[in-house]
Every structure is written in C-alpha cells, then in structure tokens.
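Engineer: Give me a 3D structure for the following:
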Amino acid sequence: MKALIIINPNSGRKRQQDMPDRIGRALRLHGYNYDTVMTRSSEDAQITARNRAQSYDLLVCLGGDGTLSSVVNGLYGLKHIPPISYIPAGTRNDFANSLGLSSDFESFERNIVCGRKQKLDIGVMNDRCFVYVAAFGLLSECSYATPASLKKRLGKLAYVIEGAREIPFTKAARLSVYSGDKKLSEGDYIFGAVSNSTSIGGTLHYKSSDVDFSDGLHEVILVKKPKNPAMLAGILNALRKKDYSARGIELFHLPEVRFEGEVQWTLDGEKFPLCKSIEIKSVPRVLDFIVPKQ
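Structural biologist: Numbers count the residues shown, from 1 in each chain. Reported below is the predicted structural model:
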C-alpha cells in the first residue's frame, strides 16, 4: 500500500517539528510506503493532489482548512480519489471538529488502524470546490481583518474579538436568493453561509441533528441587517442558542442555491473573485474521509 502525505508547514500555530517523521513511521508500521510533499502555496497542494493522488491508496493532509480545500480542488474530477486522513493544523479547524478529528498524533494513528470511512458531500461555487463553507460578510471578513499575531496567541477567541469590533461597521449586501427558478428571499444581509459543517468561524454552531454530511444538501444561513440595536441583540442571542427561527435569520437546506448581487465571498476561508452572480451546488458523497470509529 502507498500513502501520499501533503503538508503545509505554515498552517496555524507552530506544530511539533517531528510530526512528519512520526506520521511516516506510523504509516510504515501499518504497511504503507509513503511519499511526502511540503507545500509552499495553496497551488502546490492542489497541483500535487491533481497530478499524483491517483497512484496512492491513502492521502494524508496536514494543514488548515484552506490546505484541505486546495487538496480537494485537486482531487475533484479524478477517476480514483483515495481516502483522506486529515490532521487539522489550522487555528479554527471547524470542519475537523465537526467530524470529531483531532490534531494530535495519537488520534491520527488510531484512526489509521481502526477508523472508518465516511462519505462526504462537497460544494461547488461556479467552478471551484469548497469542503465545508462558502461565506460572505461578518465572519468571513474578520478572518482577514484579524492580525496573524492575534490568531496565534488567542486562537478562536481572536475571531470573536475581531468580529465583535466589526459589527457596527459591517456593510450589508443587497442580494436575491434562488433555488432553481424559485425565489427564496431578498434583502440586505450582513452575513451568509452555505456550509456542510456543524461549526462556522468558530462562533456559529448548528445542532448535530441539523447537519448530515452526506445527504446532498447544504445548510444555507442568512442574517439580515438589523434595523435597530434590539434586533441586533435578538439575532446574536438567537445564534448563541442555535435558534434559527428568530427574526432576521433565514435557514434553508438545499441541493443548490443562487445569489444575485455583488458581494465578496470566501471559500473555506480563502477569498473568491468578486462576482455579481454566484451558483452553488452540492455534489453528494464525493470523498471518503477517515474518521473515528464511533
């Protein structure tokens, strides 16, 4: 058996220096020969996955959500996509947390031995894939506004701090929302996300019963611009309680959605080129992830 290890050495907080060697030793112990690629950019991860992954029985990805997203963009459309063992090394690791994946080496080795494969959907926005979230507005913007030094010191708390600062200054986007030919909504929105995860930005969470990773549907949440401080307080309180029926919040479970209106989107935390029309489709059960047995 052969494994390909793709590592982003710059993801998140400082990793243990011997992690790549430990991964290699564990793979050899359990019958794998392996090759390791250290990336210098997101393009490296995508190109490596595209050109080499079909020759392997397992792909190990060590990096943040953005690294994983680049790898998946390289894999999408290949005839043979190997199972993925993801070791999260970013700051938030929303997607990994949703799947019960840990960043520690012992969890990785345990999953290689006795983990199970879980089929996962992915999303495609126009012509680019995303693993867990396409978003605009408050939470997506603060990932760029938050200083790297603050992220490294405070982790997830850094995003909460920066997001709270930005609420009064967040510009609303005027959007029309469609599913097929049906118009679902229209309004001024300060946040929106199309996701396949129980956590977004480390601050917005769904109940586990609201999310099925392989049902061919994505969760679409939209937050309208509050008309007054009381409405803002109500929205924030509802999000904290995972109550998506509150005034100003809209939640849909959809196989496809289209947004008309200009707004800056991000895919798995990376900026997407500015477009006036965005179409997102769920592609069911494309990937096999190695996840904990339970």
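
Engineer: With adjacent residues omitted, what lies nearest to Ser195?
Structural biologist: Leaving out its chain neighbours, the residue that sits closest to Ser195 by CB to CB, 6 or more residues apart in numbering is Val133, at 4.1 Å. Heads up, the C-betas are built off the backbone N, CA and C, glycines and all.

Engineer: isn't the one you found right up against Thr198?
Structural biologist: No. Using CB atoms under 8 Å, Val133 is not in contact with Thr198; the gap is 11.1 Å.

Engineer: Those two - which one has more neighbours?
Structural biologist: Val133 (27 against 22; other CB atoms under 10 Å).

Engineer: residue contacts, the more buried one?
Structural biologist: The neighbours of Val133, taking CB atoms under 8 Å, 6 or more residues apart in numbering as the test, are 94-95, 193-197, 200, 267-268.

Engineer: got the residue ranges for the strands in the stretch 51-200 of the chain?
Structural biologist: Assigned by DSSP state E, counting those that start in this stretch, the stretch 51-200 of the chain shows strands spanning 58-63, 84-88, 116-125, 128-130, 133-137, 173-179, 182-195, 199-200.

Engineer: Please convert those strands to a markdown table, extending it with mean pLDDT and distance to Ala49.
Structural biologist: Output for the strands of the stretch 51-200 of the chain, formatted as a markdown table (pLDDT from 0 to 100; distance: least, CB to CB, whole Å):
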| stretch | mean pLDDT | distance to Ala49 |
| --- | --- | --- |
| strand 58-63 | 95 | 7 |
| strand 84-88 | 95 | 10 |
| strand 116-125 | 96 | 13 |
| strand 128-130 | 96 | 11 |
| strand 133-137 | 93 | 20 |
| strand 173-179 | 96 | 31 |
| strand 182-195 | 95 | 22 |
| strand 199-200 | 87 | 24 |
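
Engineer: wait, which of those is closest to Lys225?
Structural biologist: With CB to CB as the measure, strand 182-195 is the member of the strands of the stretch 51-200 of the chain nearest Lys225 (4.4 Å).

Engineer: Convert the closest one to CSV, retaining C-alpha atoms only.
Structural biologist: Taking C-alpha atoms only, strand 182-195 is exported to CSV below (Å, rounded to 0.1, in the frame of the first residue of the first chain):
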residue,chain,number,x,y,z
LYS,A,182,-37.9,29.7,-7.2
LYS,A,183,-37.0,32.9,-5.4
LEU,A,184,-36.5,32.2,-1.8
SER,A,185,-35.6,35.6,-0.3
GLU,A,186,-34.4,39.1,-1.0
GLY,A,187,-32.9,41.7,1.3
ASP,A,188,-29.9,43.4,2.9
TYR,A,189,-27.6,40.8,4.5
ILE,A,190,-24.7,41.3,6.9
PHE,A,191,-23.8,37.6,6.8
GLY,A,192,-24.5,34.5,4.7
ALA,A,193,-23.0,31.0,4.6
VAL,A,194,-23.5,27.8,2.6
SER,A,195,-22.0,25.0,4.6
